[in-house]
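Asks: pasted the sequence and its predicted model underneath.
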Amino acid sequence: MGLVLAYTVYITAQSIQAGFQSDADWSDTLGQLRASSVNAVVLESYRGGLSVDADRMRAVRDRFQSEGFETLGGIMPVWGEGFGTRGEGVETRLPFFCYSSETTVSALEGEIRKLSRLFDRVVIDDAYLTSCRCATCDTARQGVEWPQFRRELLSSVARRWVLAAHRENPNVALAVKFPQYYDRHHLFGYDAATFPKVFDAIWIGTETRDPETPKYGFTEPYQGYFNIRWMKACAGERFESAWFDYLDCDQRLFEHQGLTTALGQPPRTTLFWWQTYGPILL
């Protein structure tokens, strides 16, 4: 008998907003997920300026639950027009937020509060980082080196968000996902020592992708296994999930990610996102 695995699949805010509009949409989605041994879905409420309202989130949640799927909430904290404050500075090549800005912190807190009222498990995707060097951040750091300042800033914001989530729902568990680039976490605010003490759960990326191309840093496939074992050591019982995706992958590389992830034996395996390769055969 082969190894039987069940997967969690992440569904983006854009997919939730634009998809699931007809019985045919639902039939196709549910058929694909069941064929891929998926038993849980993460439903994202915010990404890149798009915020899905609570009524829409509730309707999609209820339909998935009625079909027998576990449901979780999610956010991807990347800047979009009209939402929060975009980071500045020489390191900022992607639209990450400035967390010295109360506009950013309160806007994302609103998303976390909304999700906490709808779900008992909420995960922050792997852009909870900052590369901002704006004047406000520079003044706030008071001469502290940038990596230390960012770690302390994001840990402080995280404490506020966890408290807010628990006020909305005492049963909620707020998780954060670390990216796969373990050797650079500390530069941009991720703190492997502090975050497991602040957040209710920790997820880790195993999305090593194509080791022959520069887009994602020439990462060797074995790092996915290493990341799980390392994060288990950091987070202990709060380690909850490993996560990989299709980006910069062909079918073979996608399956390699699945294999190295499975070898690490995470409690949950999450795939980003549902519209990728069809039935998953691992």
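Replies: Yes, it's here. Residues are numbered from 1 along each chain as shown.
Asks: give the rounded mean pLDDT of the one helix or strand residue 271 maps to.
Replies: Using DSSP states H and E, residue 271 maps to strand 268-272. Taken as a whole, strand 268-272 carries a mean pLDDT of 95.
Asks: stretch 38-51 now?
Replies: Mean predicted confidence for stretch 38-51 is 97.
Asks: likewise stretch 179-192?
Replies: On average, stretch 179-192 scores 93.
Asks: buried residues, it. List them.
Replies: Neighbour-count burial for stretch 179-192, with 16 or more other CB atoms under 10 Å as criterion, is recorded at 179, 180, 181, 182, 185, 188, 189, 190, 191, 192. Yep, even glycine has a C-beta here, placed from its N, CA and C like the rest.
Asks: spell out the secondary structure type for the closest residue to the fourth one other than its chain neighbours.
Replies: The one in question is residue 182. Once flanking residues are discounted, residue 182 sits nearest to residue 227: 5.8 Å by CB to CB, 6 or more residues apart in numbering. Three-state assignment for residue 227 (DSSP: H, G, I helix; E, B strand; the rest coil): helix.
Asks: what about residue 227, distance to residue 76?
Replies: Residue 227 sits 20 Å away from residue 76, going by CB to CB, to the nearest Å.
Asks: and for residue 219?
Replies: Counting by CB to CB, the gap from residue 219 to residue 76 is 21 Å.
Asks: neighbour-wise, which of those two wins?
Replies: Neighbour count, other CB atoms under 10 Å: between residue 219 and residue 76, residue 76 has more, with 23 against 18.
Asks: so what's the more buried one up against?
Replies: 12, 13, 44, 46, 47, 48, 125, 127 (CB atoms under 8 Å, 6 or more residues apart in numbering).
Asks: in strands, which of those fall?
Replies: Secondary structure from DSSP state E places 44, 46, 47 of the contacts of residue 76 in strands.
Asks: just the pLDDT for the residue sitting nearest the centre point of the chain.
Replies: In the chain, the centroid-proximal residue (CA atoms, centre = their mean) is residue 125; its distance is 1.8 Å. With respect to pLDDT, residue 125 has a value of 97.
Asks: now tell me what touches stretch 151-160 from outside.
Replies: By CB under 8 Å, 6+ apart, stretch 151-160 touches 99-100, 105, 109, 128-130, 137, 140, 144, 176, 186, 189-191, 194-195, 198-199.
Asks: now list the buried members of those.
Replies: Judged by 16+ other CB under 10 Å, buried ones among those: 99-100, 105, 109, 128-130, 137, 176, 189-191, 194-195, 198-199.
Asks: most widely separated two among these?
Replies: 137 and 199 (22.6 Å; CB to CB).
Asks: what's the distance between residue 140 and residue 13?
Replies: From residue 140 to residue 13 the distance is 30 Å (CB to CB).
Asks: show the pLDDT at the residue nearest to residue 96 when sequence neighbours are not counted.
Replies: The shortest distance from residue 96 to any non-neighbouring residue, by CB to CB, 6+ apart, is to residue 87 (4.9 Å). Per-residue pLDDT puts residue 87 at 97.
Asks: return the set of residues that bridge with residue 271.
Replies: Beta-bridge partners for residue 271, by DSSP bridges, are residue 9, residue 244.
Asks: which residues of this protein fall in helices?
Replies: 13-18, 23-35, 54-66, 102-118, 135-141, 146-168, 195-198, 223-235, 251-263 (DSSP state H).
Asks: which parts of the first one are buried?
Replies: What it means is helix 13-18. 13, 15, 16, 17.
Asks: which single one of these is nearest to residue 93?
Replies: residue 13 (22.4 Å).
Asks: ok, that closest one - contacts?
Replies: 44, 45, 46, 47, 50, 51, 52, 76.
Asks: save those residues as a markdown table, and put in distance to residue 158 too.
Replies: Below are the contacts of residue 13 laid out as a markdown table (distance: CB to CB, whole Å):
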| residue | distance to residue 158 |
| --- | --- |
| 44 | 19 |
| 45 | 18 |
| 46 | 17 |
| 47 | 19 |
| 50 | 23 |
| 51 | 20 |
| 52 | 23 |
| 76 | 16 |
